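Undergrad: For reference, the sequence and a predicted model appear below.
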Amino acid sequence: MRTLIIAAAALGALSLAACESPADKAAEQKADAVEATGEAKADALESQAAATSNEAAETQLNKAADATEQAADAKADAIEQQAGKKD
């Protein structure tokens with residue numbers, strides 16, 4: 001019985017994935033790109049923070065890295081949500 005439930009759930013997930021529209025796929029790709037860009041910028045800021053000997057500058061750079069990553073995640077989420085509303 002448990003195997004049957006798991007198989008049914010997997011089949012349901014696959015059928016939902018197959019229903020994804022081209023607009024949804026494009027939005028997901030755009031959101032992924034936004035997240036990747038934000039992550040790269042945050043990584044660069046963290047590298048700068050690690051390279052500085054000034055503790056205050058290090059703290060500020062790490063805060064900026066966190067804010068950059070959070071902003072990118074929020075923007076990516078908004079892109080995906082907007083695409084979901086168009087369906």
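TA: Now that the structure is in, tell me what you want to look at. Note that the structure is a prediction, hence the values are computed from the model and not measured. Numbering: from 1, shown residues only.
Undergrad: just for this protein, where's the confidence low?
TA: The chain contains residues with pLDDT under 70 at 1-19, 85-87.
Undergrad: Which elements pack onto the longest helix seen in the chain?
TA: Longest helix of the chain, by residue count under DSSP state H: helix 55-86. Packing partners of helix 55-86 (3 or more C-beta pairs under 8 Å, 6 or more residues apart in numbering; DSSP states H and E): helix 22-51. C-betas here are computed from N, CA, C, even on glycine.
Undergrad: What are the buried residues along the helix it packs on?
TA: 27, 31, 34, 35, 38, 41, 42, 45, 46, 49 (16 or more other C-beta atoms under 10 Å).
Undergrad: Go through these and name the one nearest residue 84.
TA: Nearest to residue 84 among the buried residues of helix 22-51, counting by C-beta to C-beta, is residue 27 at 8.1 Å.
Undergrad: which residue packs closest to the closest one, ignoring adjacent ones?
TA: residue 83 (3.2 Å; C-beta to C-beta, 6 or more residues apart in numbering).
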